[in-house]
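Visitor: Need a 3D model of the following:
(one chain, ligands or ions: 1)
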Amino acid sequence: MVYQPVVLDLLQNLGILKQVEELAYLNRQGLYWRDIRGNELGHLPMPEGEHVLLLGQYRMATLLLNEIAKHTSVDVRFGMAFSGCEQSDDRKHVKVLAHDTTTDVDTIMTSNWVVGTDGANSNVRKSLCIPFEGFSFTDFTMVGADVYYDFAKEEYGTIMNFVVDPEDWAVVIYTGQQKDLKPVGEAPPLWRIAYVESTKLSSRPEDVLERARERCARYTKNKKRLEVARAEPYRLHQRCAAEAIKGRVLLAGDALHSNNPIGGLGLTTGICDAFAVGNALARVCTGQAHESLVAEAANDRRETWLNTTDKISQMNLQRLRSEEAEDVKERNEYFAGLRIDPELPKKIRTAIQGMAGRDFAIRDATRLSRL
Ligand SMILES: Cc1cc2nc3c(=O)[nH]c(=O)nc-3n(C[C@H](O)[C@H](O)[C@H](O)COP(=O)(O)OP(=O)(O)OC[C@H]3O[C@@H](n4cnc5c(N)ncnc54)[C@H](O)[C@@H]3O)c2cc1C
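Guide: Just a heads-up that it's a prediction; the model follows:
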């Protein structure tokens with residue numbers, strides 16, 4: 001639900017920034033690191049005029065679907081499961097076998113290009129025989145718990161909080177919405193706590209939920225039992241597809257790369273992928289660019305994830321949990337730097353902006369409208 005400011009320009013270019021900002025909570029405070037008792041360890045302020053968007057992925061998806069519905073050339077179909085694909089010998093066309101899960105019927109669709117955006121377990125990627133290189137965190141799972149409690153008012157005074165602790169490291173953050181989507185003041189705010197637990201514990205939904213009540217209490221001063229609406233475990237990965245494109249089938253989002261969620265970089269990078277690849281495809285399909293531009297965009301997104309997103313997200317996670325002497329030193333220097341070096345927030349922002357990668361954007365919207 002966290003979108004780093006790097007997406008603001010992209011949403012502006014698509015003409016939907018205003019709609020997104022009206023729906024989202026705009027966090028202008030920046031990010032706070034705390035110990036398990038809630039004491040502040042470090043603060044990364046936001047640059048003047050910038051904010052982090054807080055908006056549940058499903059709410060963003062609904063907004064985007066409503067926007068897409070205004071374009072009659074786009075046909076969105078749900079319940080179509082990708083089963084496999086085949087490229088023609090001249091590699092100009094792709095046949096996709098999709099299974100309609102509502103009618104239980106197999107359908108073959110033919111297309112000039114296919115973009116696999118089917119998440120970290122991507123069947124599109126597997127069907128292309130592309131390995132997902134890197135590693136998964138095997139010693140813990142992350143649990144995302146939704147709680148009705150006002151951490152800003154009752155505990156921290158702040159919206160985005162990272163808890164530093166070898167066992168209870170976590171993210172405690174406002175989701176930007178109240179219970180049942182009611183207006184502020186009419187219902188308790190919904191907060192998200194993401195913490196980790198051993199993979200040896202039962203993964204039965206009711207057990208995860210029961211444990212969540214005890215775990216979430218640890219982030220309150222009085223160990224208060226909170227109302228937990230939902231708690232779901234996730235496996236975390238640092239993996240990237242060995243190739244971003246094969247012929248006319250390419251990968252984007254978590255299908256191309258998957259990283260731990262500390263810092264809100266996964267979906268943010270995926271949006272940057274969609275923007276780069278989407279613009280490159282639009283330029284090629286309208287005859288504005290040679291088809292090699294699509295491969296350039298796909299490869300640039302892969303390289304950008306490897307060189308930027310992966311590194312920042314691994315550092316974000318280590319900073320929360322590691323007790324290794326070198327990491328503790330880095331953490332202390334980082335927090336000290338935030339206190340005394342006014343240039344450090346700018347450097348961090350520049351690094352995060354690097355997730356945008358190369359610019360493939362269409363500037364001439366009238367030519368795009370021919371699509
Ligand atoms: C606990 C947690 C918190 C996170 N918080 C943040 C955050 O705050 N900010 C952030 O930037 N990132 C965050 N992330 C990462 C973020 O969720 C992912 O990077 C993002 O959802 C990836 O989007 P995607 O569209 O590429 O893939 P997904 O969201 O995984 O979507 C893939 C889609 O493909 C569909 N699909 C799968 N298989 C098939 C098939 N065979 N045929 C057809 N469709 C198929 C699925 O149903 C799904 O709809 C978080 C991750 C976790 C685990």
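Visitor: Contacts for stretch 287-303, please.
Guide: 113, 240-241, 243-245, 248, 250-252, 256-257, 272-273, 276-277, 279-281, 283-284, 357-358, 360, 362, 367 (CB atoms under 8 Å, 6 or more residues apart in numbering). (Glycine included, C-beta is placed from N, CA and C.)
Visitor: Enumerate the positions of stretch 333-340 that are buried.
Guide: For stretch 333-340, a neighbour-count test (16 or more other CB atoms under 10 Å) marks 334-335, 338 as buried.
Visitor: Could you dump those residues into TSV and include pLDDT?
Guide: Converted to TSV, those look like this (pLDDT from 0 to 100):
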residue	pLDDT
334	96
335	96
338	95
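Visitor: Now the most centrally placed residue in the chain: which helix or strand?
Guide: Closest to where the C-alpha atoms of the chain average out (CA atoms, centre = their mean) is residue 267, at 2.1 Å. If you go by DSSP states H and E, residue 267 is part of helix 266-285.
Visitor: name the helices or strands packed onto that helix?
Guide: Under the contact criterion of 3 or more CB pairs under 8 Å, 6 or more residues apart in numbering; DSSP states H and E, helix 266-285 touches strand 2-3, helix 6-13, helix 292-304.
Visitor: Out of the ones you listed, which one sits most buried?
Guide: For those, the largest average neighbour count (mean count of other CB atoms under 10 Å) is found in strand 2-3, namely a mean of 22.
Visitor: List the pairing partners of that one within its sheet, with orientation.
Guide: strand 52-54 (antiparallel) (DSSP bridges).
Visitor: which other residues reach the strand it pairs with?
Guide: Residues outside strand 52-54 that contact it (CB under 8 Å, 6+ apart) are 1-5, 7-8, 20-21, 24-27, 30-31, 46, 159-160, 173-176, 264.
Visitor: Return the set of buried residues in the helix or strand that comes right after it.
Guide: Per DSSP H and E, the first helix or strand lying C-terminal to strand 52-54 is helix 57-68. Applying a neighbour-count criterion of 16+ other CB under 10 Å, one finds 59-60, 63-64 buried in helix 57-68.
Visitor: got it, and stretch 173-184?
Guide: 173-178.
Visitor: Out of the contacts of stretch 287-303, which end up buried?
Guide: For those, a burial check counting by 16+ other CB under 10 Å picks out 113, 240-241, 243-245, 248, 250-252, 256-257, 272-273, 276-277, 279-281, 283-284, 357, 360, 362.
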